[in-house]
Structure formats: C-alpha cells, structure tokens
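Novice: Here's a sequence, model it:
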Amino acid sequence: MQLKPSILDEYSKERSVTSIAQPHNFMHPDDYLILEDDSGRVKLAGNVLSPSMYATGVVAALHGKEGSDGGFYVQSVLEAGLPPQRPLHSGYNLKENKYVVLVSGLLVGSMKSNPLQFQLLVDYVTGHSGDEQEQSMASQIVRVIIAGDSVDMQQSLLAGQSLGLKDQGRLAEPIKELDLALTQLAAAMPVDIMPGPNDPANFSLPQQPLHKCLFSGASAYNTFVCATNPHQFDIDGVCFLGTSGQNIDDLAKYSDAKEILDYMERTLKWRHLAPTAPDTLGCYPFTDRDPFVIEDCPHVYFCGNQKKYASRVIQGYEGQVVRLVCIPSFRETGSAVVVNIRNLECHLLTLSTSSLV
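Specialist: Presented below is the predicted three-dimensional model:
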C-alpha cells in the first residue's frame, strides 16, 4: 500500500514533499494483493479479487494459474465462511422476551458528555422512569454491556509528571462519577464493562479487564463484571461476541466497504476478529495460539463506539443466523441498543434531555 504510514517517514528528509494520506483510509488505486506463505510471496492478478475487499492477515484459498509476468492469475476464491454455530436457545425453553442493553462511548468526564443524559439511561434501564409499558420492558432487561470508552481521562494530566492532590482529584473524578452510575445498575442487574481505546487499560488487544479497584462501589456486587475486549458470553443459549471497535476501525483504514456492517460480516466469514493485527493493530505477541480466531459462530456480534446505529441479520450456508449490531457512541447520539434474545430482534433506544431544559 503506497499510502500506508511508515515509521521511517518521520525521519525522512523528503517527508515534506510526499503526499499526505487521508487519516480515515489509506487505500490507493495502484494497490495490489500478494499471496504469502512459508515458501515465498507472489503477486495476485485478475478481476476476481479486489484489493479494497481484503487486508493484510486474511487466510483464504485461491484457485488459478500462473501468469505470463510471473504472477498468479486468480480464477476463484474460497474463504473459510461462517464457523459452526450451536442451535439458538440450546437447552433452554425461552418463551418470554428478555433484553440485553448494549451501550458504548459514554466518555464520562468529557466536556461534551451530558451527565443528565447518562442518568436518564440508568433510570430507564433500572425501571425508575418511563410509563407503565416502558417499565414493564425494563423489568425484562437481563444484562447491560458497556462496550468501551466509558471515561474520558484528562490527557494533560498524564504527561508523566508527579501530580498534586488537586490534580489527582481531577483525574479521579470521571472514574468516581462512572462508579456511582455503575453501582445503581449493578444493584438491579448484571453489568459487564469492557475496556476501550480511551479507557485506563492496556493498549494492545486483547485488552485486559479494567481493575475492580477503580469501581469501589460497583465491585461490591457480584453482578458487576470487568470483562476483556474482545468479550464473549452466553445468555440462555444465545452466544454474544463483540469488541469495543478497534478491530473494525483499523480494518476500515486499510480496506473499503459501503457500511461498517460489511467489515463485521467479513471478519466473521474470515473467522478472525482482528485480521490486521499485529500488522497495523497492536496486539499481544502470542506464540502458541491466536486468540482472535472465531471457532464458534455467535448469534449476536456487536461492535462498539461507532458513528451511527446499524444492524442486519446474515445467514451462513449451514443455517447459521447472526445478528450484527453497530453500537453508536452514547456521548454523540444519546442512544443505546436493545437486543431481544428470544428472537434476536433489536431496536435503538434514544434518550434526550432537550425537553427537560
């Protein structure tokens, strides 16, 4: 990729005359694909493969023939496809509606965040607001998933210098504010909180859980779970799998698609959550296994911290059915996603404080 950033460019004397790549995508019309294995590398040609559809790290089988220029002319492509999937509600007789709330991008403590809006979400989910019908639905919420970017730490205070008591208090304020809200949620239902790119957690994937000492109030409840990113869990025979968005955001920089859901669908068909790691996405250097390989197909696959809400259902050749969900940033949209695990239907829950002002 011609526009792919290189650390060497920072030290190049000719840096000022090179073209500046767009920050959102590094695709170039002259990009091409290369097939690589232990024996070597060969350039791919033909109209079957489009460089914009793939990224470094994808495993696929190619059928074709050698070209006159020494390249490989691709005639057909075989991808892994959706992995095997357990039957929905296997071992459970689910007749009533049960809901899981997915929210991300709270960014508590940022200048743009609205504390009242977040409190409205907490009150709605716990059944302390809304009409009779809404409170009835809230009573059927069985879990809340917070998919990353929960707090906004003041980066100016994290420059490596020692902090005074006043600055230490300012740094801890967003955590304390988040803990108060999580305590209310954990007192009513199970809550899973995942780390995100802006949270106080390790940078490389898979991100380890946020330390429970950050949430002294919520951690007193056994319903409060600090989860990893990516996060996989089961509820009544429904398998959920999701990330805080880093894998999809990085894939969008080095490939192209009409919608974010297309990237999510590709990762499922490639059976790999983060194909661009460790090339352009930081990850822990595993030597004996790859933790991002998708061995079991989920029923719900979600991605947090996206610009807008989107959802669709995809089906596999062996009868797999997966609900894809893009979770919008709550700070930007004031919205969360509600998934009905009985039938995998979902809808957007939007809260506004404009009428309260």
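Novice: Please name the bridge partners of Gln232.
Specialist: With DSSP bridges as the criterion, Gln232 is bridged to Leu241.
Novice: Let me know whether it touches Leu241 as I believe.
Specialist: Yes - if you go by Cβ atoms under 8 Å, Gln232 and Leu241 touch, sitting 4.7 Å apart. Placement of C-beta: from N, CA and C, glycine included.
Novice: okay, the two: which has more neighbours?
Specialist: Neighbours were counted for Gln232 and for Leu241 using other Cβ atoms under 10 Å; Leu241 has more, 19 against 15.
Novice: wait, what's in contact with the more buried one?
Specialist: When contacts are counted by Cβ atoms under 8 Å, 6 or more residues apart in numbering, Leu241 touches Pro230, His231, Gln232, Leu273, Ile294, Pro298, Val300, Tyr301, Phe302.
Novice: now, which of those residues lie within helices?
Specialist: Members of the contacts of Leu241 lying in helices (criterion: DSSP state H): none.
Novice: Of the residues you listed, grab the buried ones for PyMOL.
Specialist: A single PyMOL command selects the buried members of the contacts of Leu241 (16 or more other Cβ atoms under 10 Å):
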select buried, resi 230+231+273+294+298+300+301+302
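Novice: Let's have the contacts of Leu241 in a markdown table, adding pLDDT and distance to Asn222.
Specialist: Output for those, formatted as a markdown table (pLDDT from 0 to 100; distance: Cβ to Cβ, whole Å):
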| residue | pLDDT | distance to Asn222 |
| --- | --- | --- |
| Pro230 | 96 | 23 |
| His231 | 97 | 18 |
| Gln232 | 97 | 20 |
| Leu273 | 95 | 28 |
| Ile294 | 96 | 29 |
| Pro298 | 97 | 25 |
| Val300 | 98 | 24 |
| Tyr301 | 98 | 27 |
| Phe302 | 98 | 24 |
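Novice: Mind listing what's buried along the helix or strand Gln133 falls within?
Specialist: Using DSSP states H and E, Gln133 sits within helix 132-138. Residues of helix 132-138 classed as buried: Met137, Ala138 (neighbour count, 16+ other Cβ under 10 Å).
Novice: Surely Glu134 touches Tyr124?
Specialist: Yes - at 7.1 Å, Glu134 counts as touching Tyr124 under the criterion of Cβ under 8 Å.
Novice: what packs against the worst-scoring helix or strand of the chain on mean pLDDT?
Specialist: One helix or strand of the chain scores below all others by mean pLDDT, DSSP states H and E: helix 165-186, with a mean of 84. Helices and strands touching helix 165-186, as assessed by 3 or more Cβ pairs under 8 Å, 6 or more residues apart in numbering; DSSP states H and E, comprise helix 115-125, strand 191-194.
Novice: three-state assignment of the residue lying farthest from the centre of the chain?
Specialist: Within the chain, Ser68 marks the point farthest from the mean C-alpha position, 43.0 Å out by Cα atoms, centre = their mean. Three-state assignment for Ser68 (DSSP: H, G, I helix; E, B strand; the rest coil): coil.
Novice: got the CA coordinates for stretch 201-221 in CSV?
Specialist: As requested, C-alpha coordinates have been extracted for stretch 201-221 and formatted as CSV (Å, rounded to 0.1, in the frame of the first residue of the first chain):
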residue,chain,number,x,y,z
ALA,A,201,-6.3,-0.2,30.3
ASN,A,202,-3.5,-1.7,28.2
PHE,A,203,-3.4,-0.6,24.6
SER,A,204,-2.7,-3.9,22.9
LEU,A,205,-5.5,-6.4,22.1
PRO,A,206,-6.8,-8.4,23.7
GLN,A,207,-7.3,-5.7,26.3
GLN,A,208,-7.4,-6.9,29.9
PRO,A,209,-10.3,-6.1,32.2
LEU,A,210,-10.4,-2.7,33.9
HIS,A,211,-9.2,-3.2,37.5
LYS,A,212,-12.0,-3.5,40.0
CYS,A,213,-10.3,-1.2,42.4
LEU,A,214,-11.4,1.6,40.1
PHE,A,215,-15.0,0.9,41.0
SER,A,216,-15.2,0.5,44.7
GLY,A,217,-19.0,0.8,44.8
ALA,A,218,-20.0,-1.4,41.8
SER,A,219,-17.4,-4.1,42.6
ALA,A,220,-19.2,-4.8,45.9
TYR,A,221,-21.9,-6.5,43.8
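Novice: May I have the residues that are in contact with the residue lying closest to Phe292 once chain neighbours are set aside?
Specialist: Nearest in space to Phe292, with sequence neighbours left out and distances taken as Cβ to Cβ, 6 or more residues apart in numbering, is Leu273 at 4.2 Å. Leu273 sits next to Pro230, Leu241, Thr243, Asn247, Thr267, Phe292, Val293, Ile294 when contact means Cβ under 8 Å, 6+ apart.
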